[in-house]
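[1] Return a 3D structure for these sequence lines:
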Amino acid sequence: MPVFEGSPLIAKDTATKTTTTYCDAPSLITNASKVCLGTGILTIPYACCPESGGGYLFAVFGLFLVACWNLWVTGVLVDSANFADVFDGDEVEKDLPNSIPNPNPNPNNNKIFASAPTYSKLAYITLGGAKAMHLIDVIFVSFLFGISTSYQVGIEGFVDGIFGYIPSNDELHGVPAFEDGSVDWIVPTPSNTKTDHGLGLYWTLAVLLLLCIIPPNMSFLAKFSAAGLGAIFLSFALIIVYGIEQLGNGNVQGLTFHLNDLYPNTFTNLSHFFGIATFSFGIPPLAFQLRSSLEPKLRRTEFLPSIKKSLGLVFGTYILLGVFVAMLFHNVGVKGDILKNLPPGSTTNFINVLMILVCLVSYPLCAVPATQTLESKIFGSSDGGGLRRRLLVRGPFVMFTTLVGSKVPGFVDIVSLIGCFSVGLVSYCIPPLFYLRLEHLSSEKCRANMNEARSLAVCHLMFLVGTVTTIVSTTLTIQSIWFPPAATQTKLN
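    Take a look at the predicted model:
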């Protein structure tokens, strides 16, 4: 997932706080791909597995649809910003051409507007002024809170994996355990079964508190993003090698597929697939940051083609590391994040350590921007203040993510939930609404141009589909996490 502060997407001069370098189109493709290819990729095989997600054939089709949906929404956001002429640093008067009325003519709102990100500016213009902009800030804080919690749950699981604990969330989703001794290292015993949150939870709480509160700036963490991506691909290489070895050694019987392995068997499995796929693409919430990182003269012509190529690259990666890996472990299932399918030992512990470091680096890069937004609301500025301010705001934030994380059984659960709700809301629901409201508020001439650029009927349809899908998938995912599976496993066939 994304890097927010001190991002490698935009190099900033720390003294002047001004942008000093931009990237070209090939670099944007790489950066956008890195946004998607985070730790969430560890849950893609789970999303493709027929016992827990979409099934092999539907997964290919579904991942393609989600990639196309992300590309369409990104285009809608960029078109909305172009027609409203709102990009970072602009003033309200300049940003309201085409006879779009200013919903909040209070002069004090000019400074608030000018310093707001583009996504919030669109909310200001289209949804009712400063109050709407503050609401978007709340939504994005909850979005960052959810991603931060997912990293914390991931760290906890990786720590527990090193010490031989087996999370209890497998039974929750009806995922088949590795039974009958076919893979004997996974069979739980009283000494390696864990049913509550222990060492991993308390360890992460202490370390994350120090990481978020002590350093005044998080930019030093951004340099580790490429190393984290390397650790993820190394993990998958070892997993694929192990899976092939198991087939070759006869430890796992030959793969046998059935028709119902090709599609999701329950609506709950479908919601798991939707949430994980949405989380694992996740371009729209960062569309404007990515666009701002591109050379200004290339933004109108190269941004969307570069995003299209990036999504295509990510889609191909997910097919290889998701569908193929899930099929490789078909007879034993995917128990959660794919690291659960590695046998215990020094290699697995090494991979767990690498993933702990990746999540430790990623957590502050999501948590600190969220707390900076809270600081701006409470103290009137988001410059980080002194140690006391960071302790007052960031301390409770870390504690709260710990509390929420303790209520979630495993990494795949939180990824699915955040994908369905937080990412779904800011990706599929709000952007079409921006465009529709902007068209309604614009002058007749601008309205004609907007109708020519995008079909309003398609925008209405996508807004409806996005809203319904977000609500239904979130509801089913919540039920599957905190209620017995029997109550939520509605058959599709």
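
[2] so where's the stretch 351-493 of the chain uncertain?
    Across the stretch 351-493 of the chain, the ranges flagged by pLDDT under 70 are 380-385, 484-493.

[3] Same check on the stretch 101-250 of the chain?
    Residues of the stretch 101-250 of the chain meeting the criterion pLDDT under 70: 101-112, 115, 164-201, 216-226, 248-250.

[4] try 90 this time
    Counting by pLDDT under 90, the low-confidence segments of the stretch 101-250 of the chain come to 101-118, 120-135, 137-138, 146, 148-250.

[5] What is the helix or strand residue 476 falls within packed up against?
    Remark: residue 476 resides in helix 456-482, with elements defined by DSSP states H and E. Counting contacts by 3 or more C-beta pairs under 8 Å, 6 or more residues apart in numbering; DSSP states H and E, helix 456-482 packs against helix 56-84, helix 267-281, helix 411-418, helix 424, helix 430-441. C-betas here are computed from N, CA, C, even on glycine.

[6] where exactly do the strands run in this protein?
    11-12, 19-21 (DSSP state E).

[7] And these, which one averages the lowest pLDDT?
    Taking the average pLDDT of each of these, the minimum falls on strand 11-12, with a mean of 38.

[8] List the residues that contact residue 144.
    4, 366-367, 369-370 (C-beta atoms under 8 Å, 6 or more residues apart in numbering).

[9] before we move on, back to that, of all the helices and strands packed on helix 456-482, which lies closest to residue 239?
    Counting by C-beta to C-beta, residue 239 lies closest to helix 411-418 out of those; the figure is 15.3 Å.

[10] got the contact list for whichever helix or strand comes after that closest one?
    Using DSSP H and E, the helix or strand that follows helix 411-418 in sequence is helix 424. Outside helix 424, the residues that touch it by C-beta under 8 Å, 6+ apart are 274-275, 278, 466, 469-470, 473-474.

[11] Residue nearest the middle of this structure, spatially speaking?
    Averaging the C-alpha coordinates of the chain gives a centre point, and the residue nearest to it by C-alpha atoms, centre = their mean is residue 279 (3.7 Å).

[12] Number of residues surrounding the closest residue to it other than its chain neighbours?
    Distances taken as C-beta to C-beta, 6 or more residues apart in numbering place residue 419 nearest to residue 279, at 3.2 Å, with adjacent residues excluded. Neighbouring residues of residue 419 were enumerated by other C-beta atoms under 10 Å; the total is 34.

[13] Would you confirm that residue 419 contacts residue 280?
    Yes - Residue 419 is within contact range of residue 280, at 7.4 Å (criterion: C-beta atoms under 8 Å).

[14] overlap in contacts of the two?
    Counting by C-beta under 8 Å, 6+ apart, the common neighbours of residue 419 and residue 280 are residue 40.

[15] So for stretch 427-440, what gets flagged as buried?
    Counting neighbours by 16 or more other C-beta atoms under 10 Å, one finds that the buried residues in stretch 427-440 are 427-439.

[16] Which parts of the stretch 1-150 of the chain are helices?
    Along the stretch 1-150 of the chain, counting by DSSP state H, counting those that start in this stretch, helices occupy 25-36, 44-48, 56-84, 108-115, 118-127, 130-162.

[17] can you check the stretch 201-350 of the chain too?
    Along the stretch 201-350 of the chain, the stretches classed as helices by DSSP H, counting those that start in this stretch are 225-249, 267-281, 287-293, 299-318, 325-328, 346-379.

[18] and the closest residue to residue 460 other than its chain neighbours, what is it in contact with?
    Of all residues beyond its chain neighbours, the one nearest residue 460 is residue 436 (6.7 Å), with distances taken as C-beta to C-beta, 6+ apart. Contact partners of residue 436, counting by C-beta under 8 Å, 6+ apart, are 456, 459-460, 463.

[19] Next one: residue 436 relative to residue 463, how far apart?
    Distance, residue 436 to residue 463, by C-beta to C-beta, to the nearest Å: 7 Å.

[20] How many residues are close by residue 127?
    Counted with other C-beta under 10 Å, the neighbours of residue 127 add up to 18.

[21] List the contacts of it.
    Remark: with contacts taken as C-beta under 8 Å, 6+ apart, residue 127 is in contact with 135-136, 433-434, 437.

[22] what do you get if the cut-off is 7 Å, keeping everything else the same?
    For residue 127, the residues meeting the contact criterion (C-beta atoms under 7 Å, 6 or more residues apart in numbering) are residue 437.

[23] Going by neighbour count, which of the contacts of residue 144 comes out on top?
    Comparing the contacts of residue 144 by number of neighbours (other C-beta under 10 Å), residue 367 comes first, having 27 neighbours.

[24] what's around the residue nearest to it when sequence neighbours are not counted, how many residues?
    If you skip the residues right next to it in sequence, residue 367 has residue 148 as its closest partner in space, 4.4 Å away by C-beta to C-beta, 6+ apart. The tally of other residues near residue 148 (other C-beta under 10 Å) stands at 31.
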